[in-house]
Structure formats: structure tokens, C-alpha cells
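Novice: can't give you the sequence, but here's the structure:
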């Protein structure tokens, strides 16, 4: 049994597809339709018990959560392809930045977009909370400042070369920009995003 990724358009499965394309390994992509209940079947819930995407199978082993899948891909396939560091300080940084891109940067950004902006995914004005918007915007900016500081010393999160650790944060911010979010004044972040966006694997 090979690699199989379950996803939907405009979902966090996209960052896993990006990682797979960077690695250049074969995989089957299965697009699910939530409206038809395809994320709630017993077969799919055995892969992702939350009924969300992504779901991922590699050689019979099941995974869910995009950060966990990218960590698996890095540890299993990334080293030999120069996209994941070996044991040591660089690996520790790769683990931390990969998780951070999803649990911190993306989480605060999305709550700000839901409550504080007018985007296709924002709540109706009557359902928004200004306090929630203000708090999450502040936390999002704090995380952007940390990213700006990190990138001021290198072109990518781990230094001079792109790695799978760049994907969660870059995918999150590129999605935020596409939805209408703005974060001006951070030159290193903007330049890094353009380098990530230009990668052939991202376009594939």
C-alpha cells in the first residue's frame, strides 16, 4: 500500500500536497465532498476520527492533522532529499517551527479573520466579537514579529535553504493574504513568502 492523501479544496490538506510535491514521491489524492457526507463515513473516520481533512495513509499507517503529517514526511523522506535536517539543533528547530506554523501563527490569524475582518470566511457582523478580534490580532502580530526576526538572519526558517518546516507558516500566510488579510511592514516575511510562492512544487 502506497501513500494516499484525503483532502478538499481550500483546506489544510493543501500544505500536505505541497510537502509531497517538494519531496517528489508518488501519492494518490482523494478529494472528499463534505456535502455528501464523505468525511463522516466509518471508513474515513477510521483515518481521521475528527471527520475533517487531511487524512493520510502511508503504507497502512494512518495519520491526521497537517503538522503531524508533515513531521512524518520530514522524518521519513525529507533527510535524503535535503528537505529535513538530521538529529541535532537544526532538527529541534524544524520540529518547533513546523508545529508553530499551525498551532500559533495560523490559529491566531484565522480567529482575527473570523472576527475582525470582512473576508469570505468571516462571521456575520452581528456574530463577531471585538474583544476576540483585538486579542487574536495582537497575538498574530506578535507571532509575525517573531517570524520577521527569525527571517532577518536567513532566507528560510532553517537558514539558507528551504525545508518542509517552511510550509505550515508560509501556507497559512499565503492563505490569509488570499482571503484579504494584511500584514504590512515586515520586509523579511514578505520576501520569504515570495520565495516560497515561486517554488514549482507550490504551483503543482
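Specialist: Noted; the coordinates are in hand. Just so it is clear, the model here is predicted, and its values are computed rather than measured. Numbering: from 1, shown residues only.
Novice: what residue ranges in this protein score low on pLDDT?
Specialist: Residues of the chain that meet the criterion pLDDT under 70 lie in 1.
Novice: show me where it has its strands.
Specialist: 3-7, 28-31, 55-58, 61-64 (DSSP state E).
Novice: just checking, what packs against the second one?
Specialist: Yep, that's strand 28-31 we're talking about. strand 3-7 (3 or more C-beta pairs under 8 Å, 6 or more residues apart in numbering; DSSP states H and E). All C-beta spots, glycine's among them, are computed from the backbone N, C-alpha and C.
Novice: now for the strand it packs on, which elements pack on it?
Specialist: Helices and strands touching strand 3-7, as assessed by 3+ C-beta pairs under 8 Å, 6+ apart, comprise helix 13-23, strand 28-31, strand 55-58.
Novice: of these, which approaches residue 167 most closely?
Specialist: helix 13-23 (5.2 Å; C-beta to C-beta).
Novice: and the angle for that closest one with strand 3-7?
Specialist: 150 degrees (axes from the mean of the first three to the mean of the last three C-alpha atoms, to 10 degrees).
Novice: mind listing what the closest residue to residue 199 other than its chain neighbours touches?
Specialist: Spatial nearest neighbour of residue 199, excluding adjacent residues (C-beta to C-beta, 6 or more residues apart in numbering): residue 162 at 6.9 Å. The contact partners of residue 162, by C-beta atoms under 8 Å, 6 or more residues apart in numbering, come to 22, 83, 156, 195-196, 199.
Novice: that older thread, save the strands of the chain as CSV, and put in distance to residue 121 and mean neighbour count too.
Specialist: Formatted as CSV, the strands of the chain follow (distance: least, C-beta to C-beta, whole Å; neighbours: other C-beta atoms under 10 Å):
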stretch, distance to residue 121, mean neighbour count
strand 3-7, 17, 20
strand 28-31, 20, 13
strand 55-58, 22, 23
strand 61-64, 22, 15
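Novice: could you dump those to TSV with distance to residue 114?
Specialist: Converted to TSV, these look like this (distance: least, C-beta to C-beta, whole Å):
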stretch	distance to residue 114
strand 3-7	22
strand 28-31	25
strand 55-58	24
strand 61-64	23
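Novice: top helix in this protein by residue count?
Specialist: Looking across the chain with DSSP state H, the single longest helix is helix 130-151.
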